[in-house]
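*Asks:* Build me a model:
(one chain, ligands or ions: 1)
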Amino acid sequence: MSVNTVEHNRRRFSFEGIREIWLFGYGSLIYKVDFPYLERRPAAIRGWARRFWQGSHDHRGTPEAPGRVVTLIEAPGTECRGMAYRVSPEVFEHLDEREKNGYLRFSTPMTFDDGTRAEGLVYIATPDNAAFLGDAPESAIAGQIARAHGPSGANADYLLQLADSLRALGDDCPHTFAIEAHLRPLLAESVSGNDPIR
Ligand code: BEZ
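*Replies:* Purely as a prediction, here's the structure:
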C-alpha cells in the first residue's frame with residue numbers, strides 16, 4: 001500500500017516570502033544528498049527517535065515485498081542526531097517527490113553542535129500513513145531488510161550506508177546498530193551460498 005503525499009505537503013506549508021530554510025535529515029538525507037544546499041551542519045532534535053518502521057514500496061522494496069526505511073517516533077527525553085541543510089524552498093519540489101510515500105513535512109527546532117538553535121523542517125511518516133509498518137523484533141526487521149530490493153537498490157545497502165553515516169556523525173542509535181548486527185550475518189550467509197534470506 002502506498003500513499004502520495006506530494007499534494008498534501010504543498011498545501012500544508014507555504015514558502016511564500018521564505019528565501020532559505022533549514023532541513024533536518026536523519027535517514028537517507030544524511031548520505032544521499034541529491035539536492036543543492038547553501039550550508040550543511042551536524043545537528044540534533046530532541047524528543048524523537050529513529051525507527052525502521054516505515055514501509056518502502058517505491059525505493060527499497062516493492063508493493064508485493066516492501067522494504068523498511070526510517071521514520072521518527074515520539075520519544076521524550078531522547079535526542080536524534082542527523083545532518084541539517086540550509087536550502088532554498090525550491091529543493092522541496094524534488095524532495096517531496098523523492099519522499100512521497102507517506103512522509104509529511106513538520107516544523108522542528110534543531111540544535112547545532114556549537115549549541116546554537118534554529119527552526120526548520122523534518123520529514124516524518126506518522127503511524128496513520130498507509131505504508132506504516134510499525135514495530136517488530138529487530139531480528140525480524142533485519143530479515144525483511146535482507147530480502148527487500150526496489151528501484152533504488154537493496155534495502156540492506158540503505159541500512160548499512162545509514163549505519164556508517166551515523167557512526168561518522170557520532171550518533172549512538174541502538175535501534176539501527178542492533179538491526180545492523182542481525183543483518184550482517186544474514187548477508188554473509190547469503191554470499192556464501194548458505195542462503196537463509198530466501
Ligand atoms: C531523512 O533522512 O531525514 C528522511 C528520511 C525519510 C524520508 C525523508 C527524509
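*Asks:* Show me the helices in the protein, by range?
*Replies:* 6-12, 28-31, 91-98, 138-147, 155-169, 174-191 (DSSP state H).
*Asks:* okay if I get those as a markdown table plus distance to the ligand and mean neighbour count?
*Replies:* From N, CA and C alone the C-beta is placed, and that goes for glycine too. Output for these, formatted as a markdown table (distance: least, C-beta to the nearest ligand atom, whole Å; neighbours: other C-beta atoms under 10 Å):
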| stretch | distance to the ligand | mean neighbour count |
| --- | --- | --- |
| helix 6-12 | 11 | 13 |
| helix 28-31 | 3 | 20 |
| helix 91-98 | 7 | 17 |
| helix 138-147 | 15 | 20 |
| helix 155-169 | 8 | 19 |
| helix 174-191 | 12 | 16 |
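*Asks:* Between those helices, which has the poorest mean confidence score?
*Replies:* Confidence, taken as mean pLDDT, is least for helix 6-12 of those (a mean of 83).
*Asks:* middle-most residue in this protein, spatially?
*Replies:* Closest to where the C-alpha atoms of the chain average out (C-alpha atoms, centre = their mean) is G27, at 3.1 Å.
*Asks:* Give me the spatial nearest neighbour of that residue, chain neighbours excluded.
*Replies:* V70 (4.0 Å; C-beta to C-beta, 6 or more residues apart in numbering).
*Asks:* neighbours of that neighbour, just the number please.
*Replies:* V70: 24 surrounding residues under other C-beta atoms under 10 Å.
*Asks:* where's S28 relative to E189, distance?
*Replies:* According to C-beta to C-beta, to the nearest Å, S28 stands 26 Å off from E189.
*Asks:* Against which helices or strands is the strand ranked longest in the chain packed?
*Replies:* Using DSSP state E, we find that the single longest strand of the chain is strand 67-87. For strand 67-87, the elements it packs on are strand 21-25, helix 28-31, strand 39-56, strand 117-124, helix 138-147, helix 155-169, judged by 3 or more C-beta pairs under 8 Å, 6 or more residues apart in numbering; DSSP states H and E.
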